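1. Pasting the sequence and the predicted model now:
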Amino acid sequence: MATPKHSPTTLAKRSLRAVWHPCTQMKLHEDVPPLAIRSGDGAWLETETGARHLDAISSWWVNLFGHGHPHIRTAVHAQLDTLEHVMLAGFTHEPVVRLSERLGALTGLGHAHYGSDGASAVEVALKMSAHFWRNRGQTGKTRFVAIAGGYHGETLGALAVTDIPLFRDTYAALLRDCTMLPSPDWRQAPVGEDALAFARRQALLLEAHLAQHHASTAAIILEPLIQCAGGMAMHHAEYLRIARELCTLYGVHLICDEIAVGFGRTGTLFAHQQAGIRPDFLCLSKGLSGGFLPLAVTLTTDEVYQAFYHHDVKRGFLHSHSYTGNPLACAAANAVLDLFEASDVMAANAKLAARIDIAAENLRRHPRVRHWRRTGMVWAFDVAMDAADRRSPRAPIGMRIARAALARNVLLRPIGDTVYWMPPYCLDEEAVRTLVDGTLAALEEAVG
Ligand SMILES: Cc1ncc(COP(=O)(O)O)c(C=O)c1O
């Protein structure tokens with residue numbers, strides 16, 4: 001089956017004239033126009049022309065319970081009737097207080113600082129960490145350690161601790177220097193070494209670094225269990241456990257960036273819980289509002305909070321964004337937490353994941369599939385390239401798979417040669433079949 005190109009609708013044409021789309025070389029849209037979506041329902045998105053596509057990537061990993069979930073929708077509507085927004089400096093409101101109390105109870109991190117996007121939550125954690133040490137009189141602790149292949153966002157501070165050359169290199173001259181340590185990604189383990197042993201060995205490099213440089217290091221930032229944008233690189237929880245131990249030993253903050261992996265994606269509500277640890281800072285966004293509204297939060301400890309609590313204004317944390325703690329977004333987030341409380345989402349996801357694993361057996365065994373992997377509700381595999389692929393003047397393999405999958409009503413967005421699924425938690429039997437059969441057929445067409 002040859003992949004049909006979809007032709008631009010009027011809305012797509014208007015979009016190309018007026019909207020500068022994110023993370024996009026706009027010229028590529030000459031070949032493949034943006035899909036104009038008119039509605040979403042559960043795991044499905046419907047285009048202007050009535051085609052239904054399975055959202056296998058949860059609209060950039062934000063959606064948890066499906067598009068248009070009635071409980072979240074109702075909560076946002078109700079909030080709209082009372083208060084749409086008020087600034088959070090000098091004012092407060094019930095949805096933000098309730099959300100902060102609930103997040104504090106779930107994480108043990110009782111102080112919540114809000115923003116609108118993941119990158120802003122990372123900026124807050126980095127600034128707060130360095131400011132903490134400054135308030136403590138340790139002004140030399142201003143450097144950050146991050147992990148090779150990690151991703152933390154596109155603003156300059158977040159990009160400085162990101163290690164994705166495509167996003168970073170162009171702006172390298174604008175970025176602060178950061179130490180990147182080798183990743184515990186188990187695909188890099190030599191044959192015969194398992195994920196646990198590899199995680200322990202990679203943690204030795206962190207130990208060696210902190211032993212030498214702890215006096216100048218404010219924090220280490222990492223993505224617990226899955227480095228998502230770096231190609232769904234998965235690692236053993238032992239790395240987190242040791243990182244926590246080392247951070248405590250050497251007086252360095254641990255920042256867990258769970259913007260992509262929080263809210264059940266990895267099989268526990270938060271990924272770091274699998275290591276039995278508590279970070280000093282926890283960055284959350286994306287699933288926080290169930291994919292409804294932009295919202296981010298940086299959670300931290302009493303110890304950090306107390307270091308800012310002082311009559312001197314400059315010792316306070318003066319960072320702000322206009323829409324900080326927006327009531328509509330907080331209402332959506334409270335509704336998301338209601339859904340986690342109302343049923344055992346993690347147990348249901350474990351059943352669904354086992355069902356998908358069985359359905360995906362043929363895909364897993366495909367001769368071109370390497371490093372099949374899953375953590376919780378995130379699946380990934382790498383496509384083995386042969387010499388013909390490498391010589392081919394055709395589009396990159398990931399792009400070919402995405403196009404072929406779209407022709408089969410599955411929305412995929414491979415990262416390089418890595419194909420992944422991070423679907424909403426509401427897949428039914430039809431959706432599982434579409435996901436698995438569509439991906440397998442797309443792979444076969446793309447490598448054929
Ligand atoms: C781990 C991680 N951190 C930070 C970000 C940045 O979030 P945002 O795109 O909302 O700024 C992302 C986005 O994909 C992410 O995956």
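-> Structure received.
2. check contacts around the closest residue to Asp302 other than its chain neighbours.
-> Spatial nearest neighbour of Asp302, excluding adjacent residues (CB to CB, 6 or more residues apart in numbering): Gly110 at 6.4 Å. Placement of C-beta: from N, CA and C, glycine included. The contact partners of Gly110, taken as CB atoms under 8 Å, 6 or more residues apart in numbering, are Gly104, Leu299, Thr301, Asp302, Tyr305.
3. burial measure for the residue in the chain positioned nearest to the ligand, as a count.
-> For the chain, the residue closest to the ligand is Gly118, as judged by CB to the nearest ligand atom, at 2.1 Å. Number of residues near Gly118 (other CB atoms under 10 Å) recorded here: 27.
4. tell me the pLDDT at the spatially most central residue of the chain?
-> A centroid search over the chain (CA atoms, centre = their mean) returns Ala260, at 1.8 Å, as the residue closest to the centre. Looking at Ala260, its pLDDT reads 98.
5. So it sits against Pro224, correct?
-> No: contact criterion CB atoms under 8 Å: Ala260 and Pro224 do not qualify, at 10.0 Å.
6. Get me the contact residues on the stretch 51-200 of the chain for the ligand.
-> Asp117, Gly118, Ala119, Val122, Tyr151, His152, Gly153 (CB under 6 Å from any ligand atom).
7. Am I right that the second one is in contact with Leu295?
-> Which is Gly118. No: using CB under 8 Å, Gly118 is not in contact with Leu295; the gap is 10.0 Å.
8. quick one on the thing from earlier: which one of the contacts of Gly110 has the most neighbours?
-> Leu299 (26 neighbours).
9. which ones are touching that residue?
-> Leu103, Gly104, Thr107, Leu109, Gly110, His111, Ala112, His113, Phe281, Leu282, Leu284.
10. gap between the first one and Gly262?
-> The one in question is Leu103. Note on Leu103: its distance to Gly262, by CB to CB, to the nearest Å, is 10 Å.
11. What of the second one?
-> Distance, Gly104 to Gly262, by CB to CB: 15 Å.
12. quick one on the thing from earlier: of Leu103 and Gly262, who's got more company?
-> For the pair Leu103 and Gly262, the greater number of neighbours falls to Gly262 (26 against 21), based on other CB under 10 Å.
13. For the stretch 1-150 of the chain, just list every one of the helices.
-> 10-18, 58-61, 70-80, 94-107, 118-135 (DSSP state H, counting those that start in this stretch).
14. what do you get for the stretch 251-400 of the chain?
-> Using DSSP H, counting those that start in this stretch, the helices found in the stretch 251-400 of the chain span residues 302-306, 327-342, 345-359, 361-364, 387-391, 397-406.
15. quick one: contacts for the residue nearest to Met346 when sequence neighbours are not counted?
-> Excluding the flanking residues, the one nearest Met346 by CB to CB, 6+ apart is Gly264, at 5.9 Å. Gly264 makes contact with Leu64, Gly287, Phe340, Val345, Met346, Asn349, Gly376, Met377, Tyr425, according to CB under 8 Å, 6+ apart.
16. which residues touch the second one?
-> Taking CB under 8 Å, 6+ apart, we find Gly287 in contact with Trp61, Val62, Asn63, Leu64, Gly262, Phe263, Gly264, Arg265, Val336.
17. Grab the nearest non-local neighbour of the third one.
-> So that's Asn63. Using CB to CB, 6+ apart and skipping the chain neighbours, the partner closest in space to Asn63 is Gly291 (3.3 Å).
18. hang on, the earlier thing: quick check: closest non-adjacent residue to the residue nearest to the centre of the chain.
-> Cys228 is the one closest to Ala260 (CB to CB, 6+ apart), at 4.3 Å.
19. and if you look at Ala275?
-> In space, Ala275 is closest to Leu240, 3.7 Å off (CB to CB, 6+ apart).
20. what residues are up against the one you found?
-> Leu222, Pro224, Leu225, Cys256, His272, Gln274, Ala275, Ile277.
21. quick one: furthest residue from the center of this protein?
-> The C-alpha centroid of the chain is most remote from His311, which lies 37.3 Å away (CA atoms, centre = their mean).
22. hang on, the earlier thing: now do the shared contacts for Leu103 and Gly262.
-> Common neighbours of Leu103 and Gly262 (CB under 8 Å, 6+ apart) are Leu284.
23. Look at Pro4 and report its pLDDT.
-> Predicted confidence (pLDDT) for Pro4: 51.
24. what bits of this protein have low per-residue confidence?
-> Across the chain, the ranges flagged by pLDDT under 70 are 1-6.
25. Got the domain ranges for it?
-> Domains of the chain are assigned by automatic domain parsing as 10-68+344-447, 70-342.
26. before we move on, back to that, so what sits against both of Gly118 and Leu295?
-> Common neighbours of Gly118 and Leu295 (criterion: CB under 8 Å, 6+ apart): Ser285.
27. was I right about Val96 contacting Ala331?
-> No: at 9.5 Å, Val96 does not count as touching Ala331 under the criterion of CB under 8 Å.
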